[in-house]
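Visitor: what's the 3D shape of this:
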Amino acid sequence: MLSLFRKTPILGALLAQVIALPVVAAVTGPLSTSVERLPLIVIALVLQGALAALLCALFRLPRWWLLIAFLFPLAMGSAMLLGNLPAWPFGIAFLILALIFSNTTRGRVPLYLTNAETASVLKDLMRDRNAKSMLDLGCGLGGVVRALDGEGRQARGVENAPAVYLAARLLSVIAGKGEIRRGDLWKTDVSDADMVYAFLSPTPMPALWQKLSTEMKPGSLFVSNSFAVPGVDPDEIWELSDSRKTRLFLYPIGKAVEQTPA
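Guide: From the prediction side, this is the model:
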């Protein structure tokens, strides 16, 4: 069951709401005679969201689903209480969310943003290894690309979510640094990159390693932020001192890599 939720987290989130509903009804039912209607509804919605988020944590869903589970009842309840709101604001909100988070539902790759401390370490890594070209797969807003581009280094980023790509492209044009392209990371040519960087999620890592280990040139380097390749020992693990306690997994290409026993 947990493996199913990891593959299709929305099923776990929906089940959490379904399980929470009768529990909330049982808890708030006796309060209906002593608490006014509006405060009771607010209590019920907060309790529904909190219980659903707790269940999502027990189902081991990614952390952003916990937030979604908590906010969903509040959003639905607010919409019903407000009553005669026009439909178009919800349509616009859905469209914006779809343009930003399309990768999350389709490829189970959320929008993770690399902090400045990690970008600085990546820049030092390129200098130490004399890497001239870098590719960020799923570059988000392109902060890493802009931070690493320049001083003889060429940094490129690939992003598929339309709104995120447009924002990244605009920021890079304004800064005059880096190259942002819209595209599918699975179809991206990685053969000329000295270093490939990714901050994705656990789900795509096995397939991503298969792609990179066969398509990247010997002597190049794959760096994964936070998520290791299952069954493959990295050459190095760098633990940073930033607030997130970021871990960078370094996988050299063309070097024998030990397989972790199953």
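
Visitor: residue at max distance from the center of the chain?
Guide: When distances are taken from the C-alpha mean of the chain, Thr33 lies farthest, 44.5 Å away, according to Cα atoms, centre = their mean.

Visitor: how close does that one get to Arg156?
Guide: 64 Å (Cβ to Cβ, to the nearest Å). Backbone N, C-alpha and C define where each C-beta goes, glycine included.

Visitor: where do the helices sit along the stretch 151-262 of the chain?
Guide: 162-175, 205-215 (DSSP state H, counting those that start in this stretch).

Visitor: that older thread, and the residue farthest from the centre of the chain, what is it in contact with?
Guide: Residues near Thr33 by Cβ atoms under 8 Å, 6 or more residues apart in numbering: none.

Visitor: Quick one: residues contacting Leu137.
Guide: So Leu137 contacts 158, 185, 188, 190, 196-198, 200, 208 (Cβ under 8 Å, 6+ apart).

Visitor: So what sits opposite it in the bridge?
Guide: Applying DSSP bridges to Leu137 yields these beta-bridge partners: Val158, Ala198.

Visitor: of all the helices of the stretch 151-262 of the chain, which lies closest to Phe72?
Guide: Comparing these by their distance to Phe72 (Cβ to Cβ), the top pick is helix 162-175, with 21.5 Å.

Visitor: what ranges do the strands span in the stretch 101-250 of the chain?
Guide: Assigned by DSSP state E, counting those that start in this stretch, the stretch 101-250 of the chain shows strands spanning 133-137, 154-159, 179-182, 195-198, 221-225, 236-239, 247-252.

Visitor: Would you format those strands as JSON lines with mean pLDDT included?
Guide: What follows is those, written out as JSON lines (pLDDT from 0 to 100):
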{"stretch": "strand 133-137", "mean pLDDT": "95"}
{"stretch": "strand 154-159", "mean pLDDT": "94"}
{"stretch": "strand 179-182", "mean pLDDT": "92"}
{"stretch": "strand 195-198", "mean pLDDT": "96"}
{"stretch": "strand 221-225", "mean pLDDT": "95"}
{"stretch": "strand 236-239", "mean pLDDT": "93"}
{"stretch": "strand 247-252", "mean pLDDT": "94"}
